[in-house]
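Visitor: sequence and predicted structure, then a few things I'm wondering about:
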Amino acid sequence: MRLAIDNDRCLLCNLESETRNHLFFECVYAGNIWKAILQLCGVRDFHWDGELAWATHCFEGKSLITRVLKLALSSHVYWIWKERNGRLFGGVLRPWSTILEDVKAIVRIRLSGCSINGGDRRNATLCASWNIA
């Protein structure tokens, strides 16, 4: 049995052609999640053209913000792809806010055993935003 896809429309928004750039950041659905992630990190949002250059520069080092952003980006990509496939193969549609909660849970779980300098104001704000204990 082969699966045939009738058109190239994005399964998340059904507005644009599904490309890598569109699916993960330009799509309204995925964009809402990414903007919320950046807001939780206290970072202003960017257009996709500058996103990779910004990430390459910002994701250096071992600071808490760097760890959170790396985890959030990889989790964002994972959950967007999982949602897309869930819609394609299972017909299950979840609101973007549910995906955001999934991303937040992954970040919390991955950082739960880490030593975090709570005395740093930016770290404290970040931990409060992400509910990291």
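Guide: Looks like it arrived, so ask away. Please read these numbers as outputs of a predicted model, since none were measured by experiment.
Visitor: per-residue confidence at Asn85?
Guide: The predicted local distance difference test score for Asn85 is 96.
Visitor: is it in a helix, a strand, or coil?
Guide: In terms of secondary structure, Asn85 is helix; the call rests on DSSP: H, G, I helix; E, B strand; the rest coil.
Visitor: quick one: it and Gly42, what's the gap?
Guide: Between Asn85 and Gly42 the computed distance is 32 Å (CB to CB, to the nearest Å). In short, each C-beta sits where N, CA and C put it, glycine included.
Visitor: which other helices and strands does the helix or strand hosting Ser75 contact?
Guide: Secondary structure from DSSP states H and E places Ser75 in helix 64-90. Helices and strands touching helix 64-90, as assessed by 3 or more CB pairs under 8 Å, 6 or more residues apart in numbering; DSSP states H and E, comprise helix 28-40, helix 48-58, helix 96-111, helix 121-130.
Visitor: angle of it against helix 28-40?
Guide: Direction vectors for helix 64-90 and helix 28-40, defined by axes from the mean of the first three to the mean of the last three CA atoms, to 10 degrees, enclose an angle of 160 degrees.
Visitor: how far off centre is helix 64-90?
Guide: Remark: helix 64-90 is offset 5 Å from the chain centroid, using CA atoms, centre = their mean, to the nearest Å.
Visitor: stretch 27-42 too?
Guide: The chain centre lies 7 Å from the centre of stretch 27-42; the measure is CA atoms, centre = their mean.
Visitor: tell me the mean pLDDT for that stretch?
Guide: In this model, stretch 27-42 has an average pLDDT of 93.
Visitor: any residues touching that stretch, and which ones?
Guide: The contact list for stretch 27-42, computed with CB atoms under 8 Å, 6 or more residues apart in numbering, reads 10, 12-13, 15-16, 23-25, 44-45, 65, 68-69, 72-73, 76, 79-80, 83, 96, 99-100, 103-104, 122, 125-126, 129-130.
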